[in-house]
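*Asks:* Curious how this folds, go ahead:
(2 chains)
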2 protein chains.
Amino acid sequence: MKSYERLCDKVRKISLVNDTASVLSWDQETYMPTEGLAYRAKQIAWLAGNSHNLGTCDDFRKALENAENESLDDTQSANIRETRNQFDRSSRLPQDLVKKASESATFAKAAWAEARQESDFSMFAPHLERLLDIARAKADLWGYEDEPYDAMVEGYERGTKTKEIANIFDSVTNQLTNTAQAAVDKSASISSDILEGECPIEKQQLFNREIAEDIGFEFNKGRIDTTTHPFCVGLGPCDTRLTTRYLLNDFTSSVFGVLHEAGHGLYEQGLPETHHGLPSGNAVSLGIHESQSRLWENHIGRSRPFWTKWLPRAQELFPHLAAIDLDTFLGAVNRAEKSFIRVEADEATYDLHILLRFEIERAMMNQEIQVAEIPDIWNQKFESLFGTRPPDDANGCLQDIHWAMGGLGYFATYTLGNFNAAQLYNCAMKDTHISSAFERADYLPMLEWMREKIHSKGSVLLPQELMLDATGEKTNPQHHIDHLNERFV
Amino acid sequence: MKSYERLCDKVRKISLVNDTASVLSWDQETYMPTEGLAYRAKQIAWLAGNSHNLGTCDDFRKALENAENESLDDTQSANIRETRNQFDRSSRLPQDLVKKASESATFAKAAWAEARQESDFSMFAPHLERLLDIARAKADLWGYEDEPYDAMVEGYERGTKTKEIANIFDSVTNQLTNTAQAAVDKSASISSDILEGECPIEKQQLFNREIAEDIGFEFNKGRIDTTTHPFCVGLGPCDTRLTTRYLLNDFTSSVFGVLHEAGHGLYEQGLPETHHGLPSGNAVSLGIHESQSRLWENHIGRSRPFWTKWLPRAQELFPHLAAIDLDTFLGAVNRAEKSFIRVEADEATYDLHILLRFEIERAMMNQEIQVAEIPDIWNQKFESLFGTRPPDDANGCLQDIHWAMGGLGYFATYTLGNFNAAQLYNCAMKDTHISSAFERADYLPMLEWMREKIHSKGSVLLPQELMLDATGEKTNPQHHIDHLNERFV
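*Replies:* Numbering: from 1, shown residues only, chains lettered A, B, ... in the order given. As a prediction, the model looks like this:
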């Protein structure tokens, strides 16, 4: 056996262990009884330790070095490149730091939940201090060119620098703010009350499943379950799990949630099965992953052709909608409103929430601001972007779980995802075969384009190389701005 | 740290790995999409290999030997005794035999499913030959006193010899046959059609949950899900999963299924939490486990006081039962009928199915009969017990999955469980506090008795020691015969 193949076996083994942990985490978020938590944490920690050992041991290092000396094709070279990156990142962290990070996050999550409940930032502050210390220690060990935050971003968006993201964000802050304001103003006369009425969960589930199947999600290789914080996770080459939650008086919450997660799921299902467990079979970054979810949720799911097809079915299932016409419905599901809470934000105001977080997080990480200052800085920046101040920290800097999880560097990928979604959508729609099918609410040609340009590529190209390869340019936010203006203004 | 404690850490680690495999198996049987199977099998095999290595490595052997030389109390000694037993059984099997057994079972299960479908024993026969060869090889490695079948039984019913089971079974075969016949004759005039009517799954789930909660199953430490072949599995010290299936026109199928599995679940939830992962925190045998499921399913679940309490609620939920009176209902759920299929058998005829299997399996294992002879022998014996011959092998020797799983030695524990259930029930009911509460459908005193006498003991005593300790006698089938005669004749 070639050294490369021997290495691949090892890499696949590590993925198998990580996928096993994912099954346990999925169960924890969906079905596990509450009292199961403590033991489950031990199981996941054991798997994480096992995975870390397999991926940093001497045997692995040698296999990697041997493979690096072989002559390989592009895909194989990409697998070596990504495996080396992962090996370096993992092996540079001493085991006690990994353990400390995991334990600190466990306590921080519990403290955060309580702090948010009480809207008392001081309860969370010492935990955030500790997590920031750990993150900076990690960044120092991983290394970075310009600033510590780079090392964090690298974990979610390979090959992308903080400065590049900042440049993109800076270039559109004014436009995003103006568009959001215009959208909100225009929406003032629209009410979404008309959507409300009895929506039994079984009927929502039926509707969501019909839609997910129609856009190509394969239920022999996946499912939809219920959770508090919806997510999508791939548990294996033919096992992709979507989750959602239901409002009993408004089916649109779960249907857009499912469209979003199914977008992630279509990406997972479109990855090359035979490469599962290798970088060439893995999704490349969160910013690309989010492009797929936002494409299906917003560009497709909130479009006129989509509801031309699906509104009649919704009216069958939810009789309170019987009298609503398509224009009114589209107005209601595309209504812009300023909200304090990111996860409730509409498409037009969403990115402002991300700009705020990116700026604060970067400054926190780079020690330009102190933890104690965060609430004030958050509220000031929020006011400058939204023209109003959060009533309390629960509606401000305590709303998201990401920091408590140690997930610094994550937020920017949401907006990168929006930018990438618009860009990929525009590029695909230049093909008249795709755009004419789109008008008939037939999305198979669109899916095939994404399969070819994005899904099938795994992590062979870096995110920005992938965008360039697929669309002819790197991430360009103008497509998203144009889309928002067209839809909302 | 004492050697004993070091050993316990190792034993608990192995349990943690096995419990992780149980989560994956539970998911496979409940929610996993069909195409996930191949990868899931790899994950479970990896965990099984890991568990086997941890439990047979030199390091483990040394820890065990060191602990064996320490002075220990009764519980600690029992843990050493059971750990030694497990270590010897595991380490006597070479890895390639374990692997061959696992692979053969995988292929045998697939072949069995097809053979049953086609009702063609010849499709399954070569697989059964192979599994028997493997079983005999295992038995030779494990060792036995009287006959190879002993070594298989030992895996399910620690410390119990084939001969002992055979003696018990032989002593009651005539009585069981006569009682079954009398029960069937008496039931000839009863119809269970009156139970049939619309039973929406949500209402069945609500009813089952109310009942499971009422008898003490804790839903913060467990749940009920849907599957094809119902089972109960403990996934951790505070995580016990029941499963059931639903008939849309008869709620009694799922409610007795849930009572059965909740009986297993109450045992799991009653095991001492702080001993989880050690023998002292594990259920002791299948024959004791089945005593708990049958106690709640039959002695309690099919009794007059139970339905005096619950029939009105059933009538609320399932209006087609509104006109039925308690006597008619009790008659219908205690109707005896000869059936070809074990899992559809009522309480009065069930054990005959087991006597048949025990005798054939023992002869197969001990090479007294050939695989090719099995269909004929099955049908002859069936006729001598039931007075009629199965129409085909699908309704005969191909009906159960146990042999295809390599589960030789398992069947006898079903009837041992029935015997133990009646004996424990009788003994508990001698306490007037328990029996008077029973008449009010209050089962907490009964549960407390089981907790004290059975659940809390884990595997500290061997099964027959436990029966003796709890009831003053070893397994005595007469209690069960008396119960059947009282209920059915």
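
*Asks:* Which SSE is immediately downstream of the helix or strand bottoming out on mean pLDDT in chain A?
*Replies:* In chain A, no helix or strand scores lower on mean pLDDT, DSSP states H and E than helix A:95-118, which sits at a mean of 90. Per DSSP states H and E, the first helix or strand lying C-terminal to helix A:95-118 is helix A:121-142.

*Asks:* Report the buried residues of that next one.
*Replies:* Neighbour counts over helix A:121-142 (16 or more other Cβ atoms under 10 Å in any protein chain shown) mark A:121, A:123-125, A:127-128, A:130-132, A:134-139, A:142 as buried. From N, CA and C alone the C-beta is placed, and that goes for glycine too.

*Asks:* just stretch A:237-245 next, same as before
*Replies:* Residues A:237, A:238, A:239, A:240, A:241, A:242, A:243, A:244 are the ones in stretch A:237-245 that count as buried (16+ other Cβ under 10 Å).

*Asks:* Could I get the residues you listed in TSV, plus columns for secondary structure and distance to residue B:268?
*Replies:* Output for the buried residues of stretch A:237-245, formatted as TSV (DSSP: H, G, I helix; E, B strand; the rest coil; distance: Cβ to Cβ, whole Å):
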residue	secondary structure	distance to residue B:268
A:237	coil	33
A:238	coil	32
A:239	strand	27
A:240	strand	31
A:241	strand	26
A:242	strand	31
A:243	strand	27
A:244	strand	31
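
*Asks:* List the contacts of the residue nearest to residue A:484 when sequence neighbours are not counted.
*Replies:* Nearest non-adjacent residue to residue A:484, counting by Cβ to Cβ, 6 or more residues apart in numbering or on different chains: residue A:179, 4.9 Å away. Residue A:179 sits next to A:348, A:481, A:484, A:485, A:488, A:489 when contact means Cβ atoms under 8 Å, 6 or more residues apart in numbering or on different chains.

*Asks:* re earlier: what two of the buried residues of helix A:121-142 have the greatest distance between them?
*Replies:* A:123 and A:142 (30.0 Å; Cβ to Cβ).

*Asks:* quick one: low-confidence parts of chain A?
*Replies:* Chain A contains residues with pLDDT under 70 at A:1.

*Asks:* Would you point out which residue of the stretch 301-450 of chain A is nearest chain B?
*Replies:* When distances are taken as Cβ to the nearest Cβ, the stretch 301-450 of chain A reaches nearest to chain B at residue A:317, 17.1 Å away.

*Asks:* Against residue A:261, how distant is that residue?
*Replies:* 20 Å (Cβ to Cβ, to the nearest Å).

*Asks:* Give me the more crowded residue out of those two.
*Replies:* Taking other Cβ atoms under 10 Å in any protein chain shown, residue A:317 and residue A:261 do not tie; residue A:261 has more neighbours (26 against 16).

*Asks:* Just confirm that one contacts residue A:233, I think it does.
*Replies:* No. Counting by Cβ atoms under 8 Å, residue A:261 stays clear of residue A:233, with 9.6 Å between them.

*Asks:* State the number of residues packed around the closest residue to residue A:239 other than its chain neighbours.
*Replies:* Spatial nearest neighbour of residue A:239, chain neighbours left out: residue B:36 (3.6 Å); criterion: Cβ to Cβ, 6+ apart. Residue B:36: 25 surrounding residues under other Cβ under 10 Å.

*Asks:* Please apply the same query to residue A:2.
*Replies:* 13.

*Asks:* and residue A:59, that one's in a strand?
*Replies:* No. With DSSP: H, G, I helix; E, B strand; the rest coil as the criterion, residue A:59 is helix rather than part of a strand.

*Asks:* any idea how far the residue lying closest to it once chain neighbours are set aside is from residue B:371?
*Replies:* Spatial nearest neighbour of residue A:59, chain neighbours left out: residue A:10 (7.8 Å); criterion: Cβ to Cβ, 6+ apart. Residue A:10 sits at a distance of 42 Å from residue B:371 (criterion: Cβ to Cβ).

*Asks:* Check residue A:156 too.
*Replies:* 58 Å.

*Asks:* the more surrounded of these two?
*Replies:* Set residue A:156 next to residue B:371 and count neighbours by other Cβ under 10 Å: residue A:156 wins out with 20 against 17.

*Asks:* residue contacts, the spatially closest residue to that one that is not a sequence neighbour?
*Replies:* Nearest residue to residue A:156, sequence neighbours excluded (Cβ to Cβ, 6+ apart): residue A:286, at 4.6 Å. By Cβ under 8 Å, 6+ apart, residue A:286 lies in contact with A:156, A:157, A:410, A:413, A:416, A:417.

*Asks:* Apply 7 Å and report the result again.
*Replies:* A:156, A:157, A:410, A:413 (Cβ atoms under 7 Å, 6 or more residues apart in numbering or on different chains).
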